[in-house]
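Peer 1: Got a sequence here, can you model it:
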Amino acid sequence: MIAETVCSAVSAAGLGIAVVTAYRRRFLAAARLAAYSLVPVGLVMTGVVGWLADTALSPTAWAGFGVLGAAWLLFAGTRAVERRRAGTGAGDNTAGRDAVAPAAPAPSLGGTAARPAAAPRATSSRGTDPAEDFSDIEAILKKHGI
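Peer 2: Here you go, the predicted structure:
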């Protein structure tokens, strides 16, 4: 009963603010405020507020939340133990060991391997090196005094 009254008062206040906003010729903001103001009344009319009030004050509902929390703790605990066992290789769990990719060979740090030849640089359509083809850009910058 109190929740419905509070929701109605909040909606009425929001609609009043929307009217003042519309009076100031801010119609888009006024329409948005009116939409937000009607949400609490809509929740009361659909019964959501009553359901939430009954749930919040019900010892059975809180016991149900406790049971759900205990189930989650059991699930998380069993997953942690399962991961720990798979990491140590204990038991006959060979799937955990086979799922790991084989180690890559270490790179050679010595200079014995021949270096690959440097690839030739691409040339522009004019046949010049693209790194040297800035003459057009330089001319535009000089034209603008940069």
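
Peer 1: how many neighbours does Ala53 have?
Peer 2: One way to gauge burial is a neighbour count; for Ala53, by other Cβ atoms under 10 Å, it gives 14. The C-beta positions use only the backbone N, C-alpha and C, and glycine is treated the same way.

Peer 1: Hmm, Ala3 and it touching each other?
Peer 2: Yes - judged on Cβ atoms under 8 Å, Ala53 makes contact with Ala3 at a distance of 5.2 Å.

Peer 1: Which pLDDT value does the model give Val10?
Peer 2: Per-residue confidence at Val10 stands at 93 (pLDDT).

Peer 1: pLDDT below threshold where in the protein?
Peer 2: Low-confidence segments of the chain, defined by pLDDT under 70, span residues 89-132.

Peer 1: Give me the longest helix you can find in it.
Peer 2: In the chain, assigned by DSSP state H, the helix with the most residues is helix 59-88.

Peer 1: May I see the buried residues of it?
Peer 2: For helix 59-88, the neighbour count (16 or more other Cβ atoms under 10 Å) marks no residue as buried.

Peer 1: Can you spell out which helices and strands pack onto that helix?
Peer 2: On a contact count with 3 or more Cβ pairs under 8 Å, 6 or more residues apart in numbering; DSSP states H and E, helix 59-88 meets no helix or strand.

Peer 1: Cool, thanks, talk later.
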